[in-house]
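[1] one predicted model, sequence on top.
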Amino acid sequence: MEHLRSWIGREDVAAEPVTADLVRKFRATFDEEPGDPRTGEAAPRLLHWCLTQPAALTSALSPDGHPARGGFLPPVPLPRRMWAGGSLVFHDDIRVGDLVRRVSRVEEVTLKLGNTGPLCFVTVKHELDAAGRSLLTERQGIVYRGLEVAAPPKAPEPAAEGAHRREQALSPPLLFRYSALTFNGHRIHYDLPYVTQVEGYPGLVVHGPLQATLLLRFATAIRGTSPARFSYRGLSPAFDTAPLTMNATPQGETLRLWTARPGGPVAMSAEAQW
């Protein structure tokens, strides 16, 4: 752990322009008419997860499709790596034509003991700006764990139904397109033999950031405007074997949101604030 904690404070800086083509493809992935994005037009929220992704060589990928350990993130010696959750504060819109600069910093590395063994949590802070305009501040949690899957002591409690409810169809093309947009080679999202035979899941795993994007878009549709703050937390995996249900319930000034499989537990919980 002392070696891994030496990564705290390490920074990574990258920049990438927001093109009209990227905005079109992002909209089409979410079944929104792509239109003809013009320079200066506000881009969809969470499009930044498609920007400044590391361009690791294919030959440098790990067996699971992730870039090899080390570099900016600490080389945690546990095979599974997933987004645990995160929080975002939006300061201004990302706009078509912006050159978006990302400054990332490793803030924390902690070790916990779970039902299946050790869990290592890495917290990264991202600051995005464009031409002197602060765009957003994000804290992202990444969890590393072993391959073992703990058998639940009892069947998990089915998720409740929200005051607002929408069903989202899932398909391998949707998951593949989102992987392509975010340059994510993690095989659990598109390689069915790998995810079922090696990692032991019943189907393709729905990306955490894909679920977060669906929930933020759902919150925006309910309130008619994008939230100023958004946080999310992954609680259980969701698979492409059944539709994903999005739920939302107002709680004061906050909109509580969650996803679930039919009859299943909460997969991702989230909060949106305006």
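    Sure, I can see it. Numbering: from 1, shown residues only.

[2] would you map the helices across the stretch 151-274 of the chain?
    172-181, 192-197, 208-223 (DSSP state H, counting those that start in this stretch).

[3] in the shortest one, what counts as buried?
    For helix 192-197, the neighbour count (16 or more other Cβ atoms under 10 Å) marks 194, 195 as buried. For every residue, glycine as well, the C-beta is placed using N, CA and C.

[4] check stretch 96-107 too.
    Neighbour-count burial for stretch 96-107 [16+ other Cβ under 10 Å]: 96, 98, 100, 101, 102, 104, 105, 106.

[5] can you put the residues you listed in TSV and add pLDDT?
    Shown next, in TSV, are those (pLDDT from 0 to 100):
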residue	pLDDT
96	98
98	98
100	98
101	98
102	98
104	97
105	98
106	97
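
[6] TSV please, covering those and showing secondary structure and distance to residue 270.
    Shown next, in TSV, are these (DSSP: H, G, I helix; E, B strand; the rest coil; distance: Cβ to Cβ, whole Å):
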residue	secondary structure	distance to residue 270
96	coil	26
98	coil	26
100	strand	23
101	strand	27
102	strand	22
104	strand	22
105	strand	24
106	strand	24
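
[7] now for the residues you listed: which two are most distant?
    Across those, the longest distance by Cβ to Cβ is 30.9 Å; it joins 96 and 106.

[8] so which residues of this protein form strands?
    Here the chain has its strands, by DSSP state E, at 11-17, 80-90, 99-114, 117-130, 133-145, 164-168, 229-234, 244-251, 254-260, 266-273.

[9] can you add distance to residue 3 and give those strands back as CSV?
    Compiled in CSV, the strands of the chain are given as follows (distance: least, Cβ to Cβ, whole Å):
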stretch, distance to residue 3
strand 11-17, 18
strand 80-90, 18
strand 99-114, 10
strand 117-130, 12
strand 133-145, 14
strand 164-168, 42
strand 229-234, 27
strand 244-251, 39
strand 254-260, 36
strand 266-273, 32
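
[10] residue 223: which of these is closest?
    Of these, nearest to residue 223 by Cβ to Cβ is strand 254-260, at 6.9 Å.

[11] what's the first-to-last distance across stretch 57-64?
    Taking Cα to Cα, to the nearest Å, stretch 57-64 runs 14 Å from one end to the other.

[12] quick one: mean pLDDT for that stretch?
    In this model, stretch 57-64 carries a mean pLDDT of 90.

[13] buried set for that stretch?
    Here stretch 57-64 shows residue 64 as buried, counting by 16+ other Cβ under 10 Å.

[14] next: stretch 162-180.
    Those would be 162, 164, 168, 170, 174, 175, 177, 178, 179, for stretch 162-180 by 16+ other Cβ under 10 Å.

[15] what does stretch 214-223 give?
    214, 215, 216, 217, 218, 219, 220, 222.

[16] residues in contact with it: which ones?
    30, 44-46, 164, 166, 168, 226-227, 230, 232, 244, 246, 248, 255, 257-259, 268, 270, 272, 274 (Cβ atoms under 8 Å, 6 or more residues apart in numbering).

[17] list the contacts of the residue nearest to the spatial centre of the chain.
    The structure's the chain has its C-alpha centroid closest to residue 209; by Cα atoms, centre = their mean the separation is 2.0 Å. By Cβ under 8 Å, 6+ apart, the residues touching residue 209 are 46, 49, 83, 178, 182.

[18] could you dump the residues you listed to CSV with distance to residue 34?
    CSV is the format used below for the contacts of residue 209 (distance: Cβ to Cβ, whole Å):
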residue, distance to residue 34
46, 17
49, 18
83, 26
178, 15
182, 18
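
[19] what's the closest of those residues to residue 198?
    residue 83 (19.8 Å).

[20] my guess is residue 39 contacts residue 19. True?
    No - between residue 39 and residue 19 there is no contact, the gap being 10.0 Å when judged by Cβ atoms under 8 Å.

[21] ok, these two, which is more surrounded?
    residue 19 (16 against 11; other Cβ atoms under 10 Å).

[22] next one: the more buried one from residue 38, what distance?
    Counting by Cβ to Cβ, to the nearest Å, the separation of residue 19 from residue 38 is 12 Å.

[23] shared neighbours, residue 39 and residue 19?
    residue 96.
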